[in-house]
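Visitor: build me a model:
(4 chains)
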There are 2 protein chains.
Amino acid sequence: MNIADQIYSATDSATQDRAQAIHDQLRDAIVDRRLAPGTKLSEGEVGTLFDVSRTVARAALQMLSFEGLVRTERNRGAFVANPSPEEARQVFASRRLIEPGIAIAACGRVTAADIAAFRAQLDEEGRFIAERGPNARRAEIKASGDFHLLLASVAGNAILQRFMEELVARSSLVIALYGRSGVSACGHSEHTEIVGALENGDSALASRLMLHHIDHIEADLDLRVRAGPALREALNF
Amino acid sequence: MNIADQIYSATDSATQDRAQAIHDQLRDAIVDRRLAPGTKLSEGEVGTLFDVSRTVARAALQMLSFEGLVRTERNRGAFVANPSPEEARQVFASRRLIEPGIAIAACGRVTAADIAAFRAQLDEEGRFIAERGPNARRAEIKASGDFHLLLASVAGNAILQRFMEELVARSSLVIALYGRSGVSACGHSEHTEIVGALENGDSALASRLMLHHIDHIEADLDLRVRAGPALREALNF
DNA sequence: GCAAAAAATATTGCATACGATTTTTGTGCA
DNA sequence: TGCACAAAAATCGTATGCAATATTTTTTGC
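Guide: Purely as a prediction, here's the structure:
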């Protein structure tokens, strides 16, 4: 590890404060669907829950708001985001644009250690697919997202990695709201194929597989408006 | 304008508070290079400057920190970001990945009114290129960035638009630090060509022109490390 | 009994206060 | 003069208090 890396990881680890930790826990809870879309997250409640003042709870909520995971309304509070079908489409349009490129970048940088990490990640996914129950399903969604984040980290671009973290988290919300079934097994096999392409250094194939994979995830969504979206919004639903 | 749009713009305009306004002004100042990289932005100073308490100044600085425009060090304060050559490369790698796709998306949605807006934007750019002096140069950089933001807004994806806002702002910092000359005139003509492709609905051409345009901007940078980057970082430069 | 107004309650927006940490200044000694 | 160490100043991290706004409950008139 060179000097620059040391500086980076030092500042990264020491970065900020308890707000970051609270943010991370809330984020995980949202991504894991333990917090349903629309759930109110009041500053006081979050503060007492994590045993901090409203000040730091507020900072954590502000971070989540920047990521689009909660929406805040003035003088009303913060709520777990309730993405509209249009927002859902934009999330996946963004992923279709970015992730094939990330796959290509990862292809040029992937190491043997990375491949091993991918294999471990695939095993993890497989474990939860075999199991039944809502907990396993949550873990499966989480693991599926982690695959994409692992790929982004291998690609070696910190900016794109952060974008992907946001997109994966928001995808999780979208799937919670509009997901129809579990094509997850299909998703798992597609992940396996992508790792295969990576291992062979076939960037064009990896990119193509990724694009199809995203299409498949989105195809499992039911993005038809249910009772009229404007009405639902107006009713604070 | 449909109901959903009204709701959106309503929440957007009412969004939050004075912190957002302060953020916007500071952001403009950074992008315009009135605040040089490395400049310290203490909470107290920002607060008294905008006549608010440290609380809201802090919130504004936190927003800038999320965008990568300032870096904050615990118990030390916030500083205008000083992107390393590696970060600069990542900014442009991200733009190379995203902006051609944005150009394609914009091609499919551009209206006559949009074209008129582009023409106005191009005129604005041209004005400042003709002028001399540091103020005109600042305005020119700003206008050049605004062109890319206008394109992103036409593309109609709010998520990608926000990513682009971040990338354009960070590019401005990078150019301030590593920019060599003004190939700006060249940039202006390239913008004109892109608008032409948009007008003709030639998405493939627009995408290709955009990619070359980004390459040209990056080619004008001198990203060689100067006195050793770790040393510079260590010296808090 | 029901609808509308009014009070009570809860929650956010913001400012300020205080302890902790860092940086700077000042002083004594070699 | 130069250096080490201590005191002072500046700045941040966080808690708390008060006013403003939103929400709920109660009361009141019909």
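
Visitor: only C-alpha atoms for contact and neighbour calcs from this point on.
Guide: OK.

Visitor: anything in stretch A:22-33 near DNA strand C?
Guide: No: using Cα under 7 Å from any atom of the strand, we find that stretch A:22-33 stays clear of DNA strand C, coming within 14.7 Å at best.

Visitor: and the next helix or strand past the host helix or strand of A:D24?
Guide: Per DSSP states H and E, A:D24 falls inside helix A:18-31. Downstream of helix A:18-31, the first helix or strand assigned by DSSP H and E is strand A:40-41.

Visitor: and that next one, average pLDDT?
Guide: Confidence for strand A:40-41, expressed as mean pLDDT, is 96.

Visitor: for the helix holding A:D24, packing partners?
Guide: Under the contact criterion of 3 or more Cα pairs under 8 Å, 6 or more residues apart in numbering or on different chains; DSSP states H and E, helix A:18-31 touches helix A:54-66, helix A:158-178.

Visitor: where does the closest residue to A:A88 other than its chain neighbours land on pLDDT?
Guide: Distances taken as Cα to Cα, 6 or more residues apart in numbering or on different chains put A:V174 closest to A:A88, at 5.9 Å, once the chain neighbours are dropped. As predicted, A:V174 sits at a pLDDT of 93.

Visitor: who touches the residue in chain A positioned nearest to DNA strand D in this structure?
Guide: Across chain A, the shortest distance to DNA strand D (Cα to the nearest atom of the strand) belongs to A:S53, at 3.2 Å. Contacts for A:S53 (Cα atoms under 8 Å, 6 or more residues apart in numbering or on different chains) come out as A:G44, A:G47.

Visitor: how does it look with 6 Å?
Guide: Going by Cα atoms under 6 Å, 6 or more residues apart in numbering or on different chains, A:S53 touches A:G47.

Visitor: can you check my assumption that A:R71 lies in a strand?
Guide: Yes: secondary structure of A:R71 (DSSP: H, G, I helix; E, B strand; the rest coil): part of a strand.

Visitor: my guess is it meets A:P83, correct?
Guide: No: look at A:R71 against A:P83 with Cα atoms under 6 Å: they stay out of range, at 9.7 Å.

Visitor: so how far is DNA strand C from the residue nearest to A:A88?
Guide: For A:V174, the distance to DNA strand C equals 24 Å [Cα to the nearest atom of the strand, to the nearest Å].

Visitor: for that residue, grab the count of nearby residues.
Guide: Applying other Cα atoms under 10 Å in any protein chain shown, we find 26 other residues in the vicinity of A:V174.

Visitor: ok, now A:A120?
Guide: The number of residues packed near A:A120 is 12, by other Cα under 10 Å.

Visitor: residues in contact with it?
Guide: Per Cα under 6 Å, 6+ apart, neighbours of A:A120: none.

Visitor: from A:G126, how far off is it?
Guide: 10 Å (Cα to Cα, to the nearest Å).

Visitor: and A:N157, what pLDDT?
Guide: 98.

Visitor: return the residues in contact with it.
Guide: B:Q90.

Visitor: dihedrals phi and psi, it?
Guide: Backbone geometry at A:N157, expressed as degrees, to the nearest 10, gives phi -120, psi 110.

Visitor: same question, A:F128
Guide: According to degrees, to the nearest 10, A:F128 has phi -80, psi -30.

Visitor: look up how far A:E190 lies from it.
Guide: Taking Cα to Cα, one finds A:F128 at 16 Å from A:E190.

Visitor: returning to that earlier point: does the helix holding A:D24 reach DNA strand D?
Guide: Yes: judged by Cα under 7 Å from any atom of the strand, helix A:18-31 comes into contact with DNA strand D at A:R18, A:A19.

Visitor: list the buried residues for that helix?
Guide: By neighbour count with 16 or more other Cα atoms under 10 Å in any protein chain shown, helix A:18-31 contains the buried residues A:A19, A:Q20, A:I22, A:H23, A:L26, A:R27, A:I30, A:V31.

Visitor: contacts for it, please.
Guide: Applying Cα under 6 Å, 6+ apart, the contact partners of helix A:18-31 are A:L35, A:V56, A:A59, A:A60, A:A169, A:S172.

Visitor: now the angle from that helix to helix A:54-66?
Guide: Put simply, helix A:18-31 runs at 50 degrees to helix A:54-66, going by axes from the mean of the first three to the mean of the last three Cα atoms, to 10 degrees.

Visitor: helix A:18-31 - what's its average pLDDT?
Guide: On average, helix A:18-31 scores 95.

Visitor: what about it, distance to the chain center?
Guide: Distance, stretch centre to chain centre, for helix A:18-31: 13 Å (Cα atoms, centre = their mean, to the nearest Å).

Visitor: what of stretch A:107-115?
Guide: Counting by Cα atoms, centre = their mean, stretch A:107-115 comes out at 22 Å from the chain centroid.

Visitor: per-residue pLDDT, A:K142?
Guide: We have a pLDDT of 89 for A:K142.

Visitor: likewise the one 10 residues further on?
Guide: A:A152 is assigned a predicted lDDT (pLDDT) of 98.

Visitor: measure it to A:R138 for me?
Guide: A:A152 is 21 Å from A:R138, where distance means Cα to Cα.

Visitor: more crowded one of these two?
Guide: A:A152 (25 against 18).

Visitor: skipping adjacent residues, who's closest to that one in space?
Guide: Nearest residue to A:A152 in three dimensions, chain neighbours excluded: A:Q161, at 5.2 Å (Cα to Cα, 6+ apart).
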